[in-house]
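Engineer: My questions concern the predicted model and sequence given below.
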Amino acid sequence: MKPTPFRPPLRAALAALALACAASSTAGSGQRPAPVAAASAPAPSVAAPPAARPLAPFVGDLASADVAGLKADCAAFLARARGHIEALKRTARPTPRTAVDAALDRYDEALASLDTASSVSNVVFNSNPDAAVRDAARACDQQAQAVVTEIHLDRAVYDVLAGLDLTPNEAADRYWIGQELADFRRAGVDREPATRARIKVLRDEITAIGQKFAQNINDDTRKIELAPSALAGLPADYAAKHPAGADGKVVITTQYPDYYPFMAFARSSAAREQLYRAFRDRAYPKNLEVLQNLLEKRYQLAHLLGYTSFASYSTESKMVRTAQAAHDFIDQITRLSEKRSHDDYQVLLKRLRKDRPGAGFVAAWEAEYIKQRVRAEKLAFDAQSVRPYFEFTRVKAGLLDITARLFGIEYKKVTGAKVWDPDVEVYDVLDQRGKLGRIYLDLHPRAGKFSHAAQFSFVTGKAGVRLPEGVLLCNFPKPGTTPALMDHGEVKTFFHEFGHLLHHVFSGHTRWMSTADFREWDFVEAPSQLLEEWVDDAPTLQRFARKLDTDEPIPTALVERMRTAEQFGRGLEVRQQMVYASVSLAYYDREPKDLDTTKLLSEIESRIIPFPHVAGTHLQASFGHLVDYASNYYTYMWSLVIAKDLFTPFRAAGLLDTAVAARYRRAVLERSGTRPAADQVREFLGRPFNSEAYEKWLNGAARERTSAEGG
């Protein structure tokens, strides 16, 4: 799994004291697919908007504003938030239920205004082609985060919320406000004025530093120049998109559609090494100093708040609860994957020695290429063989069709919507009760754009008040004069990110905006990882994966070979994830003064993965998750353990079983921040979650693995 950043909306930043900054980390006819009709399915439980109260208009067009417009919009949102807070502070300990609810609504609406200001700014910052507009967006997000700081350090706001009698209210209300009050205390609301003033300064500085770290990554697309012969082994469509220039050289960039196929298929080891080094040095050397500053400011903040490290502070509000528990989890997964990763590596080394007798180790830039050779030669699967079945426009249409049928929804193309780039497509999402929300798909690379793949928010919904709006910023191949073929990993990433988007839409119908997302951030990846399962299922793939020239659906036998082949190397992939998790935690679990981040990264790689650290490279400079996830990259594997368990009812009933999907939507996706995540999983599964399904996934396919090890 490649790292896939996800920036939760501002309410998560409230709970995490500005962990979420403006950064993360992450052909044919050209016809657009028709709206996808919903299949018949049980109507999921969604709070119906009261007919008497008109919904707020969509705000997605704010992302296309110029500098003046963006500044005006930002000022309006911030003024609205402050107005609600001032009205709340004038509340004199209300006791009637209606007065209590009015106070809750004022607080929730203040957070909603800040959420929208920050979220729109974040999308603009990561997508707008105009540098001046991006700078205005960065400033707006900083201002919104500063108001968040003001609120959480305002003792008068805390006293009003603490004084509310919520006994007659629903359990979800009590859970929400209980968590909020804990966040106020974690923010330092009970500290003396001088300490609160210093906390505010630090939090504002952290926001600005995180944005700088992200901007340096977004701005640094590197390239290498090679002889055309270096394209040997790559697919024909890839070579067609990289013609030689006037100087006879081809240019390969570090953008994802260039990088990953090249590392998997280019026969030239020297060329792969050159691109690998360029990719690992994005945003270097600028971000080393920026990262050091970020680590030091967060450490200072944690100490002001009474914690031994920022990791201790950051993990406290997650499911894992403590930094030590996060370390223990990483150690547990590392132990579980020990034998499998060792066996995988020995297969790679043996295959490398076939080409290079006497090779003592597998270099990092050799791993993906050799893995593909093993899959082709020993497991009868060539990754290029499935690409003709995964043309981008068909994949997109298939994704919309499958999720529509599964969840009983419809996507209706919106024409005439203002967008920030011509590539952006807009859809309204509907079900039997009406409009659920709006989504924006910005799916192809361009200069200055966010360079990874992620779901972003525009608006977090609130029942009867406003509908949710979400965005995908991705970097998939773009249809043009040649077909835009995707590899299976890219298809899986598309489904993963769309899982985040669906969760955002489904969750945005709770009574309060502030309960529309999981508060425990280490559960947030589970719904998206769950949706990845659908691209490993032959009947599901056959609904849209059809060969470009013949329209033949992808054969079941080919899918089975693909699944078996992709199981090879799983141990090494899990270990690589544990490198990211360990680095993330280790950078934040100690005093950063005099910390050599490159040396520590090298030590962690040497301990966990068999590929030697590549001297002279600096992965941490482009590791965007060090901003938004901070110490908590373990989240991905923690969520995956739960996601594998969540899949068990679907596996038993069928992947397109609408009854199971409706039950999952009601129990998990729609109720999000209304109670602890473990309770939601328990309701869906009928029991507490466990790691059995994950361990089967990790250690499965022993027979195929043995076959790969053979001659």
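Structural biologist: Alright, I've got the coordinates.

Engineer: Show me the longest helix that occurs in the protein.
Structural biologist: Criterion DSSP state H: the longest helix present in the chain is helix 97-127.

Engineer: Tell me how far it lies from the chain's centre.
Structural biologist: Here helix 97-127 is found 22 Å from its chain centre; the criterion is C-alpha atoms, centre = their mean, to the nearest Å.

Engineer: Against which helices or strands is the helix or strand following it packed?
Structural biologist: Going down the chain from helix 97-127, the next helix or strand is helix 131-152, by DSSP states H and E. In terms of contacts (3 or more C-beta pairs under 8 Å, 6 or more residues apart in numbering; DSSP states H and E), helix 131-152 is packed against helix 10-16, helix 67-89, helix 97-127, helix 171-187, helix 193-219. Bear in mind the C-beta positions are built from the backbone N, C-alpha and C, glycine included.

Engineer: if you set the cut-off to 10 Å instead, what comes out?
Structural biologist: helix 10-16, helix 67-89, helix 97-127, helix 155-162, helix 171-187, helix 193-219 (3 or more C-beta pairs under 10 Å, 6 or more residues apart in numbering; DSSP states H and E).

Engineer: Worst mean pLDDT among these?
Structural biologist: Mean pLDDT values for these show the minimum at helix 10-16, a mean of 36.

Engineer: Tabulate the CA atom coordinates of stretch 319-330 in PDB.
Structural biologist: Extracted as PDB, the C-alpha positions of stretch 319-330 are listed here (Å, rounded to 0.1, in the frame of the first residue of the first chain):
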ATOM      1  CA  MET A 319      -8.100   4.500  20.000                       C
ATOM      2  CA  VAL A 320      -4.500   3.500  20.800                       C
ATOM      3  CA  ARG A 321      -4.500   6.000  23.800                       C
ATOM      4  CA  THR A 322      -0.700   6.000  24.500                       C
ATOM      5  CA  ALA A 323       2.600   6.400  22.600                       C
ATOM      6  CA  GLN A 324       3.800   3.100  24.200                       C
ATOM      7  CA  ALA A 325       0.700   1.300  22.900                       C
ATOM      8  CA  ALA A 326       1.500   2.600  19.500                       C
ATOM      9  CA  HIS A 327       5.000   1.300  19.700                       C
ATOM     10  CA  ASP A 328       3.700  -2.000  20.900                       C
ATOM     11  CA  PHE A 329       1.300  -2.200  18.000                       C
ATOM     12  CA  ILE A 330       4.100  -1.500  15.500                       C
END
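
Engineer: picking that back up, right, so of the helices and strands packed on helix 131-152, which gets closest to residue 586?
Structural biologist: When these are compared by C-beta to C-beta, helix 193-219 sits nearest residue 586, at 17.8 Å.

Engineer: quick one: contacts for residue 602?
Structural biologist: Taking C-beta atoms under 10 Å, 6 or more residues apart in numbering, we find residue 602 in contact with 596, 612-615, 617, 619.

Engineer: please redo it, this time with the cut-off set to 6 Å
Structural biologist: residue 613 (C-beta atoms under 6 Å, 6 or more residues apart in numbering).

Engineer: chain center to the helix or strand where it lies: distance?
Structural biologist: Residue 602 belongs to helix 597-608 when assigned by DSSP H and E. Counting by C-alpha atoms, centre = their mean, helix 597-608 is centred 25 Å from the centre of its parent chain.

Engineer: Could you pull out the buried residues of it?
Structural biologist: Across helix 597-608, burial judged by 16 or more other C-beta atoms under 10 Å covers 597-598, 600-602, 604-605, 608.

Engineer: relative to helix 131-152, how tilted is the longest helix of the chain?
Structural biologist: Following axes from the mean of the first three to the mean of the last three C-alpha atoms, to 10 degrees, one obtains 150 degrees for the angle between helix 97-127 and helix 131-152.

Engineer: tell me the angle of helix 97-127 relative to helix 67-89?
Structural biologist: Helix 97-127 and helix 67-89 meet at an angle of 160 degrees, taking the same axes, to 10 degrees as the criterion.

Engineer: Alpha carbons of stretch 237-250, as CSV, please.
Structural biologist: Below are the C-alpha coordinates for stretch 237-250, written out as CSV (Å, rounded to 0.1, in the frame of the first residue of the first chain):
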residue,chain,number,x,y,z
ASP,A,237,1.4,3.6,-24.0
TYR,A,238,3.9,4.8,-21.5
ALA,A,239,6.6,5.1,-24.1
ALA,A,240,4.2,7.0,-26.4
LYS,A,241,3.6,9.6,-23.7
HIS,A,242,7.4,10.1,-23.3
PRO,A,243,8.7,10.9,-26.8
ALA,A,244,12.3,12.1,-27.2
GLY,A,245,12.8,15.8,-27.3
ALA,A,246,15.0,17.9,-29.6
ASP,A,247,18.1,16.8,-27.7
GLY,A,248,17.2,13.1,-28.2
LYS,A,249,16.4,12.6,-24.5
VAL,A,250,13.2,11.5,-22.8
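
Engineer: average pLDDT for it?
Structural biologist: 96.

Engineer: try stretch 677-687
Structural biologist: The average of the pLDDT scores along stretch 677-687 is 97.

Engineer: So what touches that stretch?
Structural biologist: Outside stretch 677-687, the residues that touch it by C-beta under 6 Å, 6+ apart are 518, 520, 523, 664, 667-668, 671, 688-689.

Engineer: how far is it from where the chain is centred?
Structural biologist: How far stretch 677-687 lies from its chain's middle: 23 Å, per C-alpha atoms, centre = their mean.

Engineer: buried ones in it?
Structural biologist: When burial is assessed from 16+ other C-beta under 10 Å, stretch 677-687 yields the following buried residues: 677, 680-681, 684-685.

Engineer: hang on, the earlier thing: now the longest helix of the chain and helix 155-162, what's the angle there?
Structural biologist: Between helix 97-127 and helix 155-162, the angle comes out at 120 degrees (the same axes, to 10 degrees).

Engineer: Would you mind listing the buried residues in helix 97-127?
Structural biologist: Using 16+ other C-beta under 10 Å as the test for burial, helix 97-127 gives 100-101, 103-127.

Engineer: One more: stretch 434-451?
Structural biologist: Along stretch 434-451, these residues count as buried under the neighbour rule (16+ other C-beta under 10 Å): 436-445, 448-451.
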